[in-house]
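> From the sequence below, what's the structure:
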Amino acid sequence: MDKYRVTLAAEEQIALQHLVSTGKAAARKLTHARSLLLADTHGENRFDEDIVGILGTSLRTVSRVRHQFVTQSLQAALDRQGQPPRPDKIKIKGDVEQKLVQLACSDPPRGRCHWTLQLLADELVVLGLVHAVSTETVRQALKKTTFSPGLLRRGASRRRPTPRTSGAWKT
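Okay, here's the model as predicted:
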């Protein structure tokens, strides 16, 4: 016995058949539409395992599409759900970000020629600004700012002015 029975209205069934027949949508959306059409109780009453065999998708996908259709709506079952924003996961922001940029612009520790991401992460922990932080978080925070030590000084590949070709002979 299926917990979530899919019963499509006539206009929903027509819309899904049109979507599948045109094929002008994302592959995931088309798979979800086909799954709903196969799971419809007006047609053959198929089990999830049968739909998995026909579509070549996972059992979890079929059951999730059924669940979203019954509990939410047709659009919720077809469209992809984005990840929710996670502002509490951002460890470096505000004053901590400002201190990080100041630290990165300052002179490196003795015995080092420049700051590495690991050194910056360790220094933030030592200063007590964060409990723990990864080098990737430090990299993303520095990338987000306009800080770049290479902007002011030119490296090995300097931009050279391109010679003008006026068409005149050089003598």
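
> can I see the domain layout of this structure?
10-78, 88-144 (automatic domain parsing).

> Including mean pLDDT and distance to Tyr4, could the ones you listed go into CSV?
For the C-beta atoms, the positions are set from N, CA and C on the backbone; glycine is no exception. Output for the domains of the chain, formatted as CSV (pLDDT from 0 to 100; distance: least, Cβ to Cβ, whole Å):
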stretch, mean pLDDT, distance to Tyr4
domain 10-78, 91, 4
domain 88-144, 89, 32
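
> Out of the ones you listed, which one sits most buried?
Ranked by mean neighbour count under mean count of other Cβ atoms under 10 Å, these are led by domain 10-78, which reaches a mean of 15.

> What is the distance between that one and the centre of its chain?
25 Å (Cα atoms, centre = their mean, to the nearest Å).

> Just the endpoints, please. Distance across it?
17 Å (Cα to Cα, to the nearest Å).

> likewise stretch 107-120?
12 Å.

> do stretch 73-81 as well
So stretch 73-81: terminal residues 13 Å apart, Cα to Cα.

> if we can go back for a sec, may I see the domains of the chain arranged in TSV, with distance to Lys3 as well?
Listed next are the domains of the chain as TSV, based on distance: least, Cβ to Cβ, whole Å:
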stretch	distance to Lys3
domain 10-78	8
domain 88-144	33
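
> Report the central residue of this protein.
Gln83 (8.1 Å; Cα atoms, centre = their mean).

> How is it assigned, secondary-structure-wise?
coil (DSSP: H, G, I helix; E, B strand; the rest coil).

> Let me see the ranges of the helices in this protein.
10-22, 27-39, 48-55, 59-71, 74-78, 95-105, 117-126, 135-144 (DSSP state H).

> do you know which of those helices lies nearest Gly111?
helix 117-126 (10.9 Å; Cβ to Cβ).

> Now do the closest one: which elements does it pack against?
helix 95-105, helix 135-144 (3 or more Cβ pairs under 8 Å, 6 or more residues apart in numbering; DSSP states H and E).
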